[in-house]
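# From the sequence below, what's the structure:
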Amino acid sequence: MPSRSIRTPLLFTLGAMSAVGPLATDMYLPSLPQVADELGVSAATIQLTLTAFMVGLAFGQLMVGPLSDGLGRRRPLLVSLVVLAAAGVACAVAPSAAVLIAARLVQGVSSGVGMVIARAVVSDLAEGRQAARTYSLLTVIVGVAPILAPPIGVVVAGPFGWRGVFWVLTGFAVVLLAIVWRVLPETLPPERRHPVRFRAFAGSAVAVLTTRVYVCYTVAFAMTYGALFGYISASSFVVQESMGYSSTVYAVVFACNAVGLTAANAANSRLVGRFHPRALLTAGIGATCTASVLLTVIAAAGPDAHWPLLAAMFLLACSTGFVFGNATALALERVRDRAGTGSAVLGALQFAVGAVVSPLVGLGGGPMPMALTVLGCAVIAAAAFLTAGGPARRGVTAATRSARAADR
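Numbering: from 1, shown residues only. Coordinates of the predicted model:
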């Protein structure tokens, strides 16, 4: 049973580990046209650097989950940070788009490792309301990354070019490596580890994927992320092209919604000490569904309802702040003996849903495709949440017992 507390230095270290992905994604977005010009390729080719990163992010999470359940959390993380720094150097000196795409793939894999292990460490050290509060605080820390990353990227790229952005990311990886070495202990004791064999990997996967309540909360988490990502993917086109606002206004709208999401996570971290995580998750799922219905109704009303549509977007962003931390805590609580694998499946499904949602919001003009995609994701999230049933009960599931037998 977890007993050690998560002190502030460790909390911020876990937050930095989780923020690597958003930073590596968003810091160089403003430089994409510059990258295409310098390397002499089309914008579509440079977009593959984003695709490669997201694929690596998903693969890295799936790979390291069972691995960390067998080897512990610390060693895989330290190796991944060395690889992350090396990948940053490769990106910074890439002579061609092909090399940059390959380096971004490796960068994505190593970034995914930190995201999985951060969640697994929390599961090792905390449970119940403490875990939900910690996940919410992590989301607050990570939520700052998308707000700060693009301006930082612009500031760095001004005097140093797009390659300077990757040198900064490399430096961040090196500093994080030193901090992890000093601050993060091994949190998974040997008696709770599982053999690093294919059969054991398969047993871990079976254990988590046949734990019904875990699957329900994981699907609710991923589909809520899909609703949020549907808004994120389409918001630039909706605000600038459909509504006719400038890029400056869009930046303000996006920042306000990001601040709302961060504030909601901060509020959740406070409230989880008074209310059960499932009660707060109920409120979050309900607000997400309400926002999605409002988006659809307002989008159907016509192109002139700008402010109501923006308000519905803001409600959507805020509502997810009461979903992510609580759903993660409730899901991983059910597979505590396989927290690495559980964290990996949760993260991989999250980005897989995001990859599917992104093209859907572009099927047609105006805000309606966005609204319908968000509504569909919210309905699936609500259905999964309701299927999970009542508050999670402690104990080892039958699937976990079967996986333990497979280990032996």
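
# Might you report the residue contacts of Y231?
Residues counted as contacts of Y231 (CB atoms under 8 Å, 6 or more residues apart in numbering) are 313, 316-317, 370, 374. For the C-beta atoms, the positions are set from N, CA and C on the backbone; glycine is no exception.

# ok, now with 6 Å
Contact analysis of Y231 by CB atoms under 6 Å, 6 or more residues apart in numbering lists 313, 316.

# Please identify the helix or strand for it.
Under the criterion of DSSP states H and E, Y231 resides in helix 212-237.

# Centre of the chain to that helix, how far?
Taking CA atoms, centre = their mean, to the nearest Å, one finds the center of helix 212-237 at 10 Å from the center of the full chain.

# which element follows it toward the C-terminus?
Beyond helix 212-237 in the direction of the C-terminus, DSSP H and E gives the next helix or strand as helix 247-271.

# how many neighbours does the residue nearest to R73 when sequence neighbours are not counted have?
Closest residue to R73 apart from its sequence neighbours, by CB to CB, 6 or more residues apart in numbering: I117 at 5.0 Å. When neighbours are defined as other CB atoms under 10 Å, I117 has 33 of them.

# and if you look at the one 4 residues further on?
The local packing of V121 (other CB under 10 Å) involves 28 other residues.

# Excluding sequence neighbours, find me the nearest residue to it.
Computed as CB to CB, 6+ apart, the closest residue to V121 that is not its neighbour in sequence is T187, at 5.0 Å.

# Is that neighbour in a helix, a strand, or coil?
Look at T187: counting by DSSP: H, G, I helix; E, B strand; the rest coil, its state is coil.

# which ones are touching it?
Applying CB under 6 Å, 6+ apart, the residues near T187 are 73, 121, 124-125.

# coming back round to it: for the helix holding Y231, buried residues please.
213-235, 237 (16 or more other CB atoms under 10 Å).

# and if you look at stretch 377-394?
377-382, 384-385, 388, 392.

# Which one of those is nearest to T134?
Using CB to CB, A392 comes nearest to T134 of these, at 16.4 Å.

# what's the strand or helix carrying P33 packed up against?
Taking DSSP H and E as the definition, P33 sits inside helix 32-39. When contacts are defined as 3 or more CB pairs under 6 Å, 6 or more residues apart in numbering; DSSP states H and E, helix 32-39 sits against helix 43-71.

# Tell me which other helices or strands the next helix or strand after the helix it packs on touches.
Per DSSP H and E, the first helix or strand lying C-terminal to helix 43-71 is helix 74-92. If contacts are counted by 3+ CB pairs under 6 Å, 6+ apart, helix 74-92 sits against helix 43-71, helix 97-125, helix 128-183.

# deepest of those helices, which one?
helix 97-125 (a mean of 25; mean count of other CB atoms under 10 Å).

# what angle do it and helix 74-92 make?
Relative orientation of helix 97-125 versus helix 74-92 (axes from the mean of the first three to the mean of the last three CA atoms, to 10 degrees): 160 degrees.

# if we can go back for a sec, let's see which of the buried residues of stretch 377-394 end up in helices.
377-382, 384-385, 388 (DSSP state H).

# Check the gap between the residue nearest to V121 and L77 for me.
T187 is 11 Å from L77, where distance means CB to CB, to the nearest Å.

# can you check L346 too?
Distance from L346 to L77, by CB to CB: 18 Å.

# list the buried ones in the helix holding P33?
For helix 32-39, burial by neighbour count (16+ other CB under 10 Å) applies to 34-36, 39.

# which of these lies closest to A251?
A251 lies nearest to Q34 out of the buried residues of helix 32-39, by CB to CB, at 18.6 Å.

# Which residue comes closest to the closest one once chain neighbours are left out?
In this structure, Q34 finds its nearest non-sequential neighbour in W162, 5.1 Å apart by CB to CB, 6+ apart.

# residue contacts, the one you found?
Shown in contact with W162 (CB under 6 Å, 6+ apart): 31, 34-35.

# What is the neighbour count of the residue nearest to L315 when sequence neighbours are not counted?
With sequence-adjacent residues excluded and distances taken as CB to CB, 6+ apart, L315 is closest to A291, at 4.2 Å. Neighbour count of A291, defined by other CB under 10 Å: 25.

# isn't A291 right up against L316?
Yes. Contact criterion CB atoms under 6 Å: A291 and L316 qualify, at 3.9 Å.

# Now do the shared contacts for those two.
Counting by CB under 6 Å, 6+ apart, A291 and L316 have no common neighbour.

# Does I6 belong to a helix, a strand or coil?
Judged by three-state DSSP, the three-state class of I6 is coil.

# Please report the distance of it from V219.
Counting by CB to CB, the gap from I6 to V219 is 27 Å.

# what's the answer for L77, then?
Counting by CB to CB, the gap from L77 to V219 is 27 Å.

# quick one: M243 from G366, how far?
Applying CB to CB to M243 and G366 gives a distance of 10 Å.

# For the two, indicate the residue with more neighbours.
Neighbours per residue (other CB under 10 Å) separate M243 from G366, with M243 holding more: 20 against 16.

# And the pLDDT for the closest residue to that one other than its chain neighbours?
Closest residue to M243 in three dimensions, ignoring its sequence neighbours and counting by CB to CB, 6+ apart: H306, at 5.2 Å. Looking at H306, its pLDDT stands at 88.

# now swap in V396 and tell me
Looking at V396, its pLDDT is 42.

# Kindly report the same for F314.
Note on F314: pLDDT of 94.

# That one is in contact with V259, isn't it?
No. The pair formed by F314 and V259 falls short of the contact definition of CB under 6 Å, at 9.8 Å.

# And the contacts of the helix or strand containing V297?
V297 belongs to helix 277-301 when assigned by DSSP H and E. For helix 277-301, the surrounding residues in contact (CB under 6 Å, 6+ apart) are 132, 224, 268, 271, 305, 308-309, 312, 315-316, 319, 322-323, 326-327, 329-330, 367-368, 371, 374-375, 378, 382, 385, 391.

# With stretch 36-56 instead?
The contact list for stretch 36-56 (CB under 6 Å, 6+ apart) reads 32, 35, 97, 100-101, 104-105, 108-109, 351.

# And that stretch, how far out from the chain middle?
For stretch 36-56, the distance from its own C-alpha centre to the chain's C-alpha centre is 21 Å (CA atoms, centre = their mean).

# In PDB, list the C-alpha atoms belonging to that stretch.
The C-alpha trace of stretch 36-56 is given here as PDB (Å, rounded to 0.1, in the frame of the first residue of the first chain):
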ATOM      1  CA  ALA A  36      10.100  24.300 -44.800                       C
ATOM      2  CA  ASP A  37      11.900  27.200 -46.500                       C
ATOM      3  CA  GLU A  38      15.300  26.400 -45.200                       C
ATOM      4  CA  LEU A  39      15.100  22.700 -46.000                       C
ATOM      5  CA  GLY A  40      13.400  23.300 -49.300                       C
ATOM      6  CA  VAL A  41      10.300  21.100 -48.800                       C
ATOM      7  CA  SER A  42       6.600  21.700 -48.800                       C
ATOM      8  CA  ALA A  43       4.500  22.500 -45.800                       C
ATOM      9  CA  ALA A  44       2.900  19.100 -46.100                       C
ATOM     10  CA  THR A  45       6.300  17.400 -45.700                       C
ATOM     11  CA  ILE A  46       7.200  19.400 -42.700                       C
ATOM     12  CA  GLN A  47       3.800  18.500 -41.100                       C
ATOM     13  CA  LEU A  48       5.100  15.000 -41.100                       C
ATOM     14  CA  THR A  49       7.500  16.000 -38.300                       C
ATOM     15  CA  LEU A  50       4.400  16.600 -36.200                       C
ATOM     16  CA  THR A  51       2.900  13.300 -37.300                       C
ATOM     17  CA  ALA A  52       6.100  11.400 -36.500                       C
ATOM     18  CA  PHE A  53       6.300  13.000 -33.100                       C
ATOM     19  CA  MET A  54       2.800  12.000 -32.200                       C
ATOM     20  CA  VAL A  55       3.300   8.400 -33.400                       C
ATOM     21  CA  GLY A  56       6.500   8.200 -31.400                       C
END
